[in-house]
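Novice: coordinates for the following, if possible.
(chains A and B)
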Amino acid sequence: MRTVLVANRGEIARRVFRACRRLDLATVAVYSEADRDAPHVRDADQAILLGPAPARDSYLDIDKLLDAARRSGADAVHPGYGFLSENWRFADAVARAGLTFVGPTAEAVRAMGDKTEARRLMANAGVPTVPGSVGPIAAAAEAEALAAAIGFPLVFKAAGGGGGIGMARVDKLTDLAGAFAAATRRAQSAFGNAAVYVERYLERPRHVEVQVFADTHRTVVHLHERECSIQRRHQKLIEESPAPNLPASTKRGLTEAAVMGARAIGYVNAGTMEFLVDATGEFYFLEMNTRIQVEHPVTEEVTGLDLVAEQLRVAAGERLAWRQEEIAQRGAAIEVRVYAEDPDRNFLPSPGTITRLVLPGGEGIRVESGVESGSVVSVHYDPLLFKLIARGADRDGALARMRAALEATVVEGVRTTVPFLRKALDHPDVRRGALHTQMVDQGAFR
Amino acid sequence: MSEEIKAHITGVVFQIPTKKGDKVGAGDPVIVLESMKMEIPVEAPRAGVVREIRVQEGQTVQEGDTVAVLD
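Specialist: Below is the predicted model of the structure:
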């Protein structure tokens, strides 16, 4: 492996380029017409124009990406997150083109992308899953029979979906048939796949996930957990490690289950096993993300390890550089995501031009940014502008540094989540680490 | 009396679920915009009949642009 093409943009493309430089690998950026002046384009040794701004004509066009790899002489492709990172056809096409896909096999991406298949595989591996249907539900009557067994409230989810899109909560039997029909319709229009499944709806759960890593020599390790409960519309806003106030037995159960699940599917490279944890400390598999995650830096900060460099090494066939007993979780780290969204208007997108940008720095502060002063924030892509990561000797120390970092942050020209994040970090429940996934939607930070 | 329906955010027209002559209720989506991977409906401010759709799928609209007219 000599030259890595990053099929992505923004902060994650820059993050991967940095890891490549550390390993003396040459880099290739790809970009759309809207991103000609984007920082990630300048960061790479070579840059190849894909096409027009809409993602389907550029960052989502598999043929154009493979052509860019050929033209640039790249022998490996890193997908980043989002875009094609969890599209098994892309992983497959990259491999068939004789290139190294920096990630798991296409088969693992496919299996975990089908949410009912993932549930089935994990349940078979002994990983706890939320009580619900084993596979897709064929008719409302089937859901009614299940409801009698597991009780209300329930939630319908799209088998081909994710990110909370198309979820429908049902509180009573008389609403079930209507909700089933609506969820099926929504799943079809959003994902082109009408299949839905049903699960017990957990009230105020925490979202806790485990970073796993595996090499092609059958070594599987975990890099501890991340707490990601502060979300809006099922998208994370604040993440931290360790998860505060997590019972030791729950943590042990989570990490063991995560490794067991990854091993059961022959997983390779970086992945994340996501779980919901209820008030009693019971946990349930939610889904597996078969890629590097936005929030990977909090794990890097507490372990002192470079996850992206290790992704590249493992993709090249090397053995994992870490043994489980050597992977320590030291101190605490927290990440906030600064999105171009207006928190006062229910997080509506706020595209535009960044007229002024002041980013914080100093001891214990890390910034991962895809933008700079003058950057145009396009309607065509994800609204993530940059991430701030603060490290501390303990959680209070990390939180104090993050508060100071957010005070020092200035973004003008677009609305951002910064005011929301300042408010959230001052909230008494956040200060004491009493978190659940519905805090934002229930208006805790208004 | 006619009323212009304006986009409340900048985005690309993703879908036009209504057409000229359609009856809509208050809060019904007249067009759907896509911005930063989110689908955002532009809703009818009141009940009425769609007199005119001023945009096409794939077109970029700015915040405040008129996207349709309601009778």
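Novice: hey, let's count contacts and neighbours off CA atoms from now on
Specialist: Noted.
Novice: check chain A and tell me which residue is nearest its centre.
Specialist: In chain A, the residue lying closest to the centroid (CA atoms, centre = their mean) is A:Q293, at 4.1 Å.
Novice: isn't that one up against A:G82?
Specialist: No: in this structure, A:Q293 is not within contact of A:G82 by CA atoms under 8 Å, at 9.1 Å.
Novice: got the contact list for B:M36?
Specialist: A:P349, A:P351, A:S378, A:V379, A:H380, A:Y381, A:D382, A:P383, B:G11 (CA atoms under 8 Å, 6 or more residues apart in numbering or on different chains).
Novice: same check, this time on A:A264
Specialist: A:A264 is in contact with A:M122, A:A125, counting by CA under 8 Å, 6+ apart.
Novice: how close does it get to chain B?
Specialist: 33 Å (CA to the nearest CA, to the nearest Å).
Novice: ok, now A:A257?
Specialist: On the measure of CA to the nearest CA, A:A257 and chain B end up 33 Å apart.
Novice: what about the residue nearest to the centre of chain A, which SS state?
Specialist: Three-state call for A:Q293 (DSSP: H, G, I helix; E, B strand; the rest coil): coil.
Novice: and the closest residue to it other than its chain neighbours, what helix or strand is that in?
Specialist: Spatial nearest neighbour of A:Q293, chain neighbours left out: A:Y81 (6.3 Å); criterion: CA to CA, 6 or more residues apart in numbering or on different chains. Using DSSP states H and E, A:Y81 is not contained in any helix or strand.
Novice: could you report the neighbour count for A:Y81?
Specialist: Counted with other CA atoms under 10 Å in any protein chain shown, residues neighbouring A:Y81 total 19.
Novice: quick check: the residue nearest to the centre of chain A vs chain B, distance?
Specialist: 18 Å.
Novice: need the residues of chain B near chain A, please.
Specialist: For chain B, the contact set with chain A under CA under 8 Å from any CA of the partner chain comprises B:I9, B:T10, B:G11, B:V12, B:E34, B:S35, B:M36, B:K37, B:M38.
Novice: quick check on these: which are buried?
Specialist: B:I9, B:T10, B:G11, B:V12, B:E34, B:S35, B:M36, B:M38 (16 or more other CA atoms under 10 Å in any protein chain shown).
Novice: restricted to strands, list these.
Specialist: If you go by DSSP state E, those have B:G11, B:V12, B:E34, B:S35, B:M38 in strands.
Novice: can you verify my assumption that A:E227 contacts A:V210?
Specialist: No: contact criterion CA under 8 Å: A:E227 and A:V210 do not qualify, at 9.0 Å.
Novice: sec struct for residue 56, please.
Specialist: Chain wasn't specified; assuming chain A. helix.
Novice: think we crossed wires, I meant chain B
Specialist: Applying three-state DSSP: B:Q56 is coil.
Novice: what's it in contact with, if anything?
Specialist: B:Q56 neighbours (CA under 8 Å, 6+ apart): B:V13, B:I16.
Novice: so where's the longest strand in chain A?
Specialist: strand A:220-232.
Novice: is chain B contacted by that strand?
Specialist: No: applying CA under 8 Å from any CA, one finds strand A:220-232 separated from chain B by no less than 12.7 Å.
Novice: list the buried residues for that strand?
Specialist: For strand A:220-232, by 16+ other CA under 10 Å, it's A:220-232.
Novice: contact partners of the helix or strand of chain B with the lowest mean pLDDT?
Specialist: Lowest by mean pLDDT, DSSP states H and E among the helices and strands of chain B is strand B:38-43, with a mean of 89. Strand B:38-43 is contacted by residues A:349, B:5-8, B:14, B:26-34 when judged by CA under 8 Å, 6+ apart.
Novice: could you tell me which of those are located in helices?
Specialist: With helices taken from DSSP state H, there is no overlap with the contacts of strand B:38-43.
Novice: skipping adjacent residues, who's closest to the residue nearest the centre of chain B in space?
Specialist: For chain B, B:I31 is the residue whose C-alpha lies nearest the centre (CA atoms, centre = their mean; 3.6 Å). Distance criterion CA to CA, 6+ apart; nearest residue to B:I31, sequence neighbours excluded, is B:I16 at 4.5 Å.
Novice: wait, what's in contact with that neighbour?
Specialist: B:V30, B:I31, B:V32, B:Q56, B:E57.
Novice: quick one, helices of the stretch 251-400 of chain A?
Specialist: Counting by DSSP state H, counting those that start in this stretch, one finds helices in the stretch 251-400 of chain A at the ranges A:296-303, A:307-315, A:395-408.
Novice: for chain B, find the nearest of those.
Specialist: helix A:296-303 (21.9 Å; CA to the nearest CA).
Novice: can you name every helix or strand that the closest one contacts?
Specialist: strand A:220-232, strand A:235-241, strand A:332-339, strand A:384-392 (3 or more CA pairs under 8 Å, 6 or more residues apart in numbering or on different chains; DSSP states H and E).
Novice: quick one: average confidence on the first one?
Specialist: Right, strand A:220-232. Averaging pLDDT along strand A:220-232 gives 97.
Novice: in its sheet, what does that strand sit against?
Specialist: As defined by DSSP bridges, the strand partners of strand A:220-232 come to strand A:206-214 (antiparallel), strand A:235-241 (antiparallel).
Novice: now tabulate these in CSV and tack on mean pLDDT and mean neighbour count.
Specialist: Listed next are the strands paired with strand A:220-232 as CSV, based on pLDDT from 0 to 100; neighbours: other CA atoms under 10 Å in any protein chain shown:
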stretch, mean pLDDT, mean neighbour count
strand A:206-214, 98, 25
strand A:235-241, 96, 23
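Novice: those into a markdown table, with extra columns for distance to A:R169?
Specialist: Shown next, in a markdown table, are these (distance: least, CA to CA, whole Å):
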| stretch | distance to A:R169 |
| --- | --- |
| strand A:206-214 | 18 |
| strand A:235-241 | 18 |
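Novice: how far away is B:T18 from chain A?
Specialist: From B:T18 to chain A the distance is 16 Å (CA to the nearest CA).
Novice: so what's that residue closest to, chain neighbours aside?
Specialist: Per CA to CA, 6+ apart, closest to B:T18 is B:V30, 5.6 Å.
Novice: from memory that neighbour sits against B:P45, does it?
Specialist: No: B:V30 is not in contact with B:P45 according to CA under 8 Å; the separation is 9.8 Å.
Novice: who's more crowded, those two?
Specialist: Just comparing B:V30 and B:P45: by other CA under 10 Å the higher neighbour count belongs to B:V30, 26 against 18.
Novice: Provide a list of residues in contact with that one.
Specialist: Contact analysis of B:V30 by CA under 8 Å, 6+ apart lists B:I16, B:P17, B:T18, B:V24, B:P41, B:V42, B:E43, B:A44, B:A68.
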